[in-house]
Each structure stands twice: as structure tokens, then as C-alpha cells.
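Visitor: need a structure here:
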Amino acid sequence: MSMLEKASGLPQDQFREVWFSQHGPRVAAQAGALLGYCQNHVVRRSLSAPHCDGMTELWFADEASMFEVLPPSPIGSDAPTAHAGTFIDRITTFLVQEERLK
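Guide: Numbers count the residues shown, from 1 in each chain. Predicted coordinates for the structure are as follows:
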């Protein structure tokens, strides 16, 4: 899971459009290694919430599969993370283990 902060000066509606229409298909095309992908667009936040313009969820079978899609050094590559740098200033990523309660 990752929290995203849009590029400085980029209007919110343009950030959402680029993320959904351009970046989303690039990520979703990683069909072999990617088990699931979800974009969560922030529409409102509590006053105490950290700044975040969106959150993304990516599901992989294991860490090796994750690095197929998200290489550690994406600069100059076709990796989705290289494109993300064109419209996102900050990505804070967490490797999480889901524990479903219902």
C-alpha cells in the first residue's frame, strides 16, 4: 500500500485524471506478476489526517513478484514507478500483511 502526494502545482483534477487514465493502465498491464490493483482517490480527510492525495493497493504473490513490477531502481526504465515520478512528488510505501476480520 502506498500514500501518494501529487506534484506541487498540479491541480487535483489533473492529478486524478493522469493517475486513473494514464498511470492506471500502465500498472494494470503488469498482469503476470500483479494479482490486484486498486486506486483510492481522497475526496475528503479529517483535520488531523496526514496530507495524502491518494492511496494505492497492489497485491502480489510474493516479494519477488513485487520487484518484477516495482524494481528498486526504476530510473530510465519502463517501470510504472518511473512514470509515477512525472505527476507524484512523494510516495510513501508500506509492505503490509492483511488480516481480515470480516
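Visitor: which is the next helix or strand following the least confident helix or strand in the chain by mean pLDDT?
Guide: When the helices and strands of the chain are compared on mean pLDDT, DSSP states H and E, helix 80-84 comes out lowest with a mean of 77. Where DSSP states H and E defines the elements, the next helix or strand beyond helix 80-84 is strand 88-93.
Visitor: quick one: contacts of that next one?
Guide: Strand 88-93 is contacted from outside by 1-8, 19, 81, 84, using Cβ atoms under 8 Å, 6 or more residues apart in numbering. No exception for glycine: its C-beta is placed from N, CA and C like everyone else's.
Visitor: any chance you could map the strands in the protein?
Guide: Taking DSSP state E, the strands of the chain run over residues 2-6, 34-41, 54-60, 88-93.
Visitor: Out of those, which is closest to residue 100?
Guide: Closest of the strands of the chain to residue 100 is strand 54-60, at 13.1 Å (criterion: Cβ to Cβ).
Visitor: Show me the shaky parts of this structure.
Guide: Across the chain, residues meeting the criterion (pLDDT under 70) sit at 72-80.
Visitor: Show me what the least confident helix or strand of the chain is packed up against.
Guide: helix 24-28 (3 or more Cβ pairs under 8 Å, 6 or more residues apart in numbering; DSSP states H and E).
Visitor: got the contact list for the helix it packs on?
Guide: With Cβ under 8 Å, 6+ apart as the test, helix 24-28 has contacts from 34, 37, 39, 58, 69, 80, 83.
Visitor: Out of the residues you listed, who's the most crowded?
Guide: residue 80 (22 neighbours; other Cβ atoms under 10 Å).
Visitor: Between its first and last residues, how far does stretch 35-48 reach?
Guide: From its first residue to its last, stretch 35-48 covers 33 Å (Cα to Cα, to the nearest Å).
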